[in-house]
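Student: Sequence and predicted structure below; questions after.
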Amino acid sequence: RSVTSPTPPTATPPPRPVPTMRVSSICVALFAASASAWSPSVTRTSTARAFSQRQLRASVADAQVDYAVPERYISDHPDCNVPPHIADLVGRGLHTRPNHPIGIIRAKIQEYFSTLPEEYKIFDAEDPIVTTKQCFDDLRIDPDHPGRSPSDTYYINDATLLRTHTSAHQSQHLRDGYECFLCAGDVYRRDEIDSSHYPAFHQLEGVKLFDQEEVNGASHLRGEEWVNSPECEAIAADLKNVLEGLMDHLFGETEKKWSEDYFPFTEPSFELEIMYEGEWLEVLGCGVIHEEVLDMSGRSERRGWAFGLGLERLAMILFKIPDIRLFWSEDERFHSQFKEGEITTFEPYSKYPPVFKDIAFWLPESYQENDFFELARGVAGDLVEKIECIDEFTNPKTGRSSKCYRISYRSMDRSLTNEEIDRLQDDLRDQSAKLDLEVR
């Protein structure tokens, strides 16, 4: 989104102390709702049950585990690829801060689910370290899926990693007997660098199971026979009805559009778009839980739905926050603009000029772009605003390929000098040798 005209730099107040997230290993439920029989068209109750912020924060009240310990995530295992700047982000608990945009959006979503007939157990303080079985195998993600690559995922060793999605906890909760639950937390993925991508972000996952009698005993059906059954269609209709209600709760009544999608852990799968301020926006993915996922969770006799959404995406839209890095800022000029339970438009407090630097290199055969992006973040941190490829070349005689990237450096708090960015750029050139990049 466009930002208001640049304003003169103002004095930067001292940074706020960084809260850490000390949590119990199992969260408490927020809502007490009477169970009621499911029907294909869920009607929300006319008045919401009391929604207590004291209850919202209860899940982080009794401290037993401190996740804000960088040493937990960095090991000497040869497969460990978690850099210090990522380890330092873990345990911040942005999604549990009542006055933070991420926490405000999460609270509003939970507020909506408190109006539904079912009781949704809330999980918001689970360990970000998960196993490859939890994150991939239990969700039918193939062994050769690119999401398992070290260029996409932060591994602690060959069997554990920083979760790449909150779905990593879904199967365990199903095994433990939960039937309706919401799971929110911070997730980590190596990614491109621009104003809407960051290697740490937040997701919220929702799951609902139906009793056998509520699907007329169709749980024995498999594959296409199940997908084409009236019972599967009824579950999908319930899912869509619930999520359309959630969008109306967040955005006001708005036009919606459904399209088919693919996720290995749901079938059928859908994507929801809404019309907001004159344009279609993708807001979430969802679907009917794949029967094989339920089999592996010990719930073969049940059927249900699941959805997942990105809290940053919704917060950037609703608060009109132009840069995802701002969510991690400790600048009081950012945090003072938000209040618990309120959605307000973010007012940019400054816009400092960017500094552009180019870097070109010959590529090794094993080159992965995300590895270079991660290297740049390790050198310059959040001063890297954007990296884009501006030129590609293949030598017709040698067959060697090269790329040229333009790096935009910009601080959200102060003006940068050419001299300090030249030092960072020189450091990046030197460290590129770690990736076998031959700087041109």
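Tutor: Yes, it's here. Residues are numbered from 1 along each chain as shown.
Student: Name the residues that touch stretch 386-396?
Tutor: For stretch 386-396, contacts defined as C-beta atoms under 8 Å, 6 or more residues apart in numbering pick out 192-195, 358, 360, 372-373, 376, 400-408. From N, CA and C alone the C-beta is placed, and that goes for glycine too.
Student: Can you tell me which of the residues you listed end up in strands?
Tutor: Within these, residues falling in strands by DSSP state E are D358, A360, S401, S402, K403, C404, Y405, R406, I407, S408.
Student: List buried residues within those residues.
Tutor: With burial judged by 16 or more other C-beta atoms under 10 Å, the buried subset of the ones in strands among the contacts of stretch 386-396 is A360, S402, K403, Y405, I407, S408.
Student: Run through the bridge partners of the last one.
Tutor: Using DSSP bridges, the bridge partners assigned to S408 are F356, K386.
Student: Same check on S402?
Tutor: W362, F393.
Student: Surely it and Y367 touch.
Tutor: No - if you go by C-beta atoms under 8 Å, S402 and Y367 don't touch, sitting 10.3 Å apart.
Student: Now the nearest residue to L314 once chain neighbours are set aside: which helix or strand?
Tutor: Excluding the flanking residues, the one nearest L314 by C-beta to C-beta, 6 or more residues apart in numbering is I105, at 5.2 Å. Here I105 is covered by helix 101-113, with elements defined by DSSP states H and E.
Student: Relative to the helix or strand just after that helix, what are the paired strands and their orientations?
Tutor: Next helix or strand after helix 101-113 toward the C-terminus (DSSP H and E): strand 121-123. Pairing partners of strand 121-123, with direction, according to DSSP bridges: strand 180-188 (parallel).
Student: so for the partner strand, what's the average pLDDT?
Tutor: If you average the pLDDT over strand 180-188, you get 98.
Student: ok and it relative to helix 101-113, angle-wise?
Tutor: Angle of strand 180-188 versus helix 101-113, following axes from the mean of the first three to the mean of the last three C-alpha atoms, to 10 degrees, is 170 degrees.
Student: who's sitting farthest from the centroid in the protein?
Tutor: Residue farthest from the centre of the chain, counting by C-alpha atoms, centre = their mean, is K397 at 44.2 Å.
Student: Going by neighbour count, which residues of stretch 81-90 are buried?
Tutor: Neighbour count says stretch 81-90 has N81, V82, P83, H85, I86, A87, L89, V90 buried, by 16+ other C-beta under 10 Å.
Student: From R72, how far off is the first one?
Tutor: The one in question is N81. Using C-beta to C-beta, to the nearest Å, N81 is found at 15 Å from R72.
Student: Kindly report the same for the last one.
Tutor: In this view, V90 and R72 are 8 Å apart by C-beta to C-beta.
Student: can you check L281 too?
Tutor: L281 is 36 Å from R72, by C-beta to C-beta.
Student: So these two - more neighbours on which side?
Tutor: More crowded of L281 and R72, by other C-beta atoms under 10 Å: R72, with 18 against 15.
Student: ok, the more buried one - contacts?
Tutor: Contacts of R72 by C-beta under 8 Å, 6+ apart are A87, V90, I129.
Student: Which one of the ones in strands among the contacts of stretch 386-396 is nearest to K121?
Tutor: Nearest to K121 among the ones in strands among the contacts of stretch 386-396 is S408, at 43.2 Å by C-beta to C-beta.
Student: my guess is the closest one meets F356, correct?
Tutor: Yes - with contact defined as C-beta under 8 Å, S408 counts as touching F356 (5.9 Å).
Student: a helix runs through G285, doesn't it?
Tutor: No - read with DSSP: H, G, I helix; E, B strand; the rest coil, G285 is strand and lies in no helix.
Student: Can you report how many residues lie near it?
Tutor: Neighbours of G285 (other C-beta under 10 Å): 18.
Student: For it, list each beta-bridge partner.
Tutor: Bridge pairing for G285 - DSSP bridges - gives E271, G308.
Student: In the stretch 1-150 of the chain, what residue spans correspond to helices?
Tutor: Along the stretch 1-150 of the chain, the stretches classed as helices by DSSP state H, counting those that start in this stretch are 53-56, 84-87, 101-113, 132-135.
Student: Actually, the stretch 201-350 of the chain.
Tutor: 223-227, 230-251, 291-296, 311-319, 332-335.
Student: picking up where we left off before, let me have the buried ones among the ones in strands among the contacts of stretch 386-396 in CSV, extended by distance to L326 and pLDDT.
Tutor: Shown next, in CSV, are those (distance: C-beta to C-beta, whole Å; pLDDT from 0 to 100):
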residue, distance to L326, pLDDT
A360, 31, 97
S402, 34, 97
K403, 29, 97
Y405, 24, 98
I407, 20, 97
S408, 16, 97
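Student: just for the stretch 251-400 of the chain, where's the confidence low?
Tutor: Within the stretch 251-400 of the chain, not a single segment meets pLDDT under 70.
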